[in-house]
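Q: Predicted coordinates and the sequence they were generated for:
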Amino acid sequence: MTSLPAGWYKDPADPTTQRWWDGEGWLGKAIPADATPPDGPPPADEPGPQAPPAPAAGAVITPPPVGGSPAAPENPAGPPPGWGTPPAGYQQPPPGYQSPPPGWTPPPPGYQPPPPGWTPPADYQSPPQGGTPPAGYQPPPGWAPPPPGWTPPPPGWTPPPPGWTPPPGWVPPHAYGYQVQARPHGQPLAGLGRRLVARLVDIVAVLILNVLVNGWLAYQWWLEVEPIFRATMADPFATPQPASARSSYLILTMLVVATALWFAYEVPALANSGQTLGKRLLQVKVVKLESTDRLGFGRAFGRWARMGMWTPLWSCYGVGFLAQLVIAGSVLFDQQLRRGLHDKSAGTVVVAVPPGHRAQPVQAAPDHADDSSGGKR
């Protein structure tokens, strides 16, 4: 038997009750665990637990299972080993009580939890991560803890002014600890690989047009430079003859014609549907940043001119070609919307669209939409 001193303890057979332990066994009737027990043992006239009545004559007694033994009681008689006497004034915890998680520290004296529904004001500064508020700290009325996974914005971040609404596809600079993929007008951004292949298809299409239109000019230019070319191949170390002025004019004319062909191929297509042949095959589309309306001629021309107008400068030691490469590669420096310099100058963005998708333009509200007279006044 255990050497536990006499006193009131929880009944191991029924933890919801308590009984008197006299050092050798349980005495008296069990009382609820949350009831205040008497100072001493129960009255002597209270009988202990009665043994179950003997079975009546002829009753069928169910034997234990074959090869087994009667089930042992859920808890042994008496408190568990090592269990000490509770201190004076100890009160049983209420039903449903759960112990706090490991590492939990009680709040400082005077701490009061914030009321339900409280949110911090705009100028509220949270304590450093992992820190504890000072003694007596009380959050302002209406405070509520941040959601799980929230991280404070970077140093120097200031909230937007009241009434400010972000533009379509805008992503906060700090993104609250996680990255968000922008979806202008609910459509995903076109991938860089898909945009590159679409541009290559358009280049091949414009090149075919140049072969058909600039073919005769290219033949005339070859007649001008063929003698110089053959003389250079015959004697590579000899001083080459200067090219004729006519060959330079032919080169510049072909570049101007190539620019016009590129304009005729791309600008009308973007103005009407936002898709050239290559973009249609690769299922990408150029749309306005603020709405799904058609681009129109002005915006389509502004987007094309940022790159197309450099084509005549190819004859100036390849300066025009180098500028076009820089503009085309500028999409790599916009991680949010993947907009190049030509997109930013025209206010456009390139999105991916499913096959046969046709976006419905957003209808603008008339000027007298809020006029009850229908604009008749």
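A: Cool, got the structure. Residues are numbered from 1 along each chain as shown.

Q: separation between the residue nearest to residue 332 when sequence neighbours are not counted and residue 245?
A: In space, and not counting its chain neighbours, residue 332 is closest to residue 192: 7.4 Å by Cβ to Cβ, 6 or more residues apart in numbering. Yep, even glycine has a C-beta here, placed from its N, CA and C like the rest. Residue 192 sits at a distance of 43 Å from residue 245 (criterion: Cβ to Cβ, to the nearest Å).

Q: which one of the two has more residues nearby?
A: The neighbour count for residue 192 versus residue 245, taken as other Cβ atoms under 10 Å, is higher for residue 192 (12 against 9).

Q: from what I can see the more buried one touches residue 331, true?
A: Yes: with contact defined as Cβ atoms under 8 Å, residue 192 reaches residue 331; the gap is 6.5 Å.

Q: Give the residues shared as contacts by those two.
A: Residues touching both residue 192 and residue 331 (Cβ atoms under 8 Å, 6 or more residues apart in numbering) are residue 338.

Q: Tell me the backbone dihedrals of residue 19, please.
A: In terms of degrees, to the nearest 10, the main-chain angles of residue 19 are phi -140, psi 170.

Q: Once you drop chain neighbours, what's closest to residue 14?
A: Nearest non-adjacent residue to residue 14 (Cβ to Cβ, 6+ apart): residue 30, at 6.6 Å.

Q: same for whichever helix or strand the one you found is part of, what does it pack against?
A: Using DSSP states H and E, residue 30 sits in strand 26-32. With contacts defined as 3 or more Cβ pairs under 8 Å, 6 or more residues apart in numbering; DSSP states H and E, strand 26-32 has these neighbours: strand 14-21.

Q: then the strand it packs on to CSV, C-alphas only?
A: Only the C-alpha atoms of strand 14-21 are listed here, as CSV (Å, rounded to 0.1, in the frame of the first residue of the first chain):
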residue,chain,number,x,y,z
ASP,A,14,-14.0,7.9,-11.2
PRO,A,15,-11.9,11.1,-11.7
THR,A,16,-15.1,13.3,-11.6
THR,A,17,-15.5,12.4,-7.8
GLN,A,18,-13.4,12.6,-4.7
ARG,A,19,-13.2,10.4,-1.6
TRP,A,20,-11.5,10.2,1.8
TRP,A,21,-8.3,8.2,1.9
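
Q: and it, what other elements does it pack with?
A: strand 7-11, strand 26-32.

Q: between those, which one is nearest to residue 157?
A: Smallest distance to residue 157 across these (Cβ to Cβ): 55.2 Å, for strand 7-11.

Q: mean confidence for the closest one?
A: Averaged across strand 7-11, pLDDT comes to 82.

Q: Kindly report the same for stretch 216-225.
A: So the average pLDDT for stretch 216-225 ends up being 91.

Q: Give me the buried positions along that stretch.
A: Buried residues in stretch 216-225, counted by 16 or more other Cβ atoms under 10 Å: 217, 221, 224-225.

Q: what do you get for stretch 238-257?
A: In stretch 238-257, counting by 16+ other Cβ under 10 Å, buried: 247, 250-251, 254-255, 257.

Q: Could you dump these into JSON lines and include distance to residue 348, pLDDT and secondary structure?
A: Putting those into JSON lines (distance: Cβ to Cβ, whole Å; pLDDT from 0 to 100; DSSP: H, G, I helix; E, B strand; the rest coil) gives the following:
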{"residue": "247", "distance to residue 348": "39", "pLDDT": "88", "secondary structure": "helix"}
{"residue": "250", "distance to residue 348": "36", "pLDDT": "92", "secondary structure": "helix"}
{"residue": "251", "distance to residue 348": "32", "pLDDT": "92", "secondary structure": "helix"}
{"residue": "254", "distance to residue 348": "30", "pLDDT": "94", "secondary structure": "helix"}
{"residue": "255", "distance to residue 348": "26", "pLDDT": "94", "secondary structure": "helix"}
{"residue": "257", "distance to residue 348": "27", "pLDDT": "95", "secondary structure": "helix"}
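
Q: between those, which is closest to residue 94?
A: Using Cβ to Cβ, residue 255 comes nearest to residue 94 of these, at 87.7 Å.

Q: Now the closest one. Nearest residue, chain neighbours left out?
A: Closest to residue 255 by Cβ to Cβ, 6+ apart is residue 312, at 4.7 Å.

Q: Check whether the one you found sits in a helix, strand or coil.
A: Judged by DSSP: H, G, I helix; E, B strand; the rest coil, the three-state class of residue 312 is helix.

Q: Residue 353: how many residues sit nearby?
A: Neighbours of residue 353 (other Cβ under 10 Å): 19.

Q: In which helix or strand does residue 320 reside?
A: Per DSSP H and E: helix 319-329 holds residue 320.

Q: could you give the mean pLDDT of the following helix or strand past that helix?
A: Later in the chain than helix 319-329, the nearest helix or strand by DSSP H and E is helix 341-346. Mean pLDDT, computed over helix 341-346, is 93.

Q: got it, and stretch 303-313?
A: The model assigns stretch 303-313 a mean pLDDT of 93.
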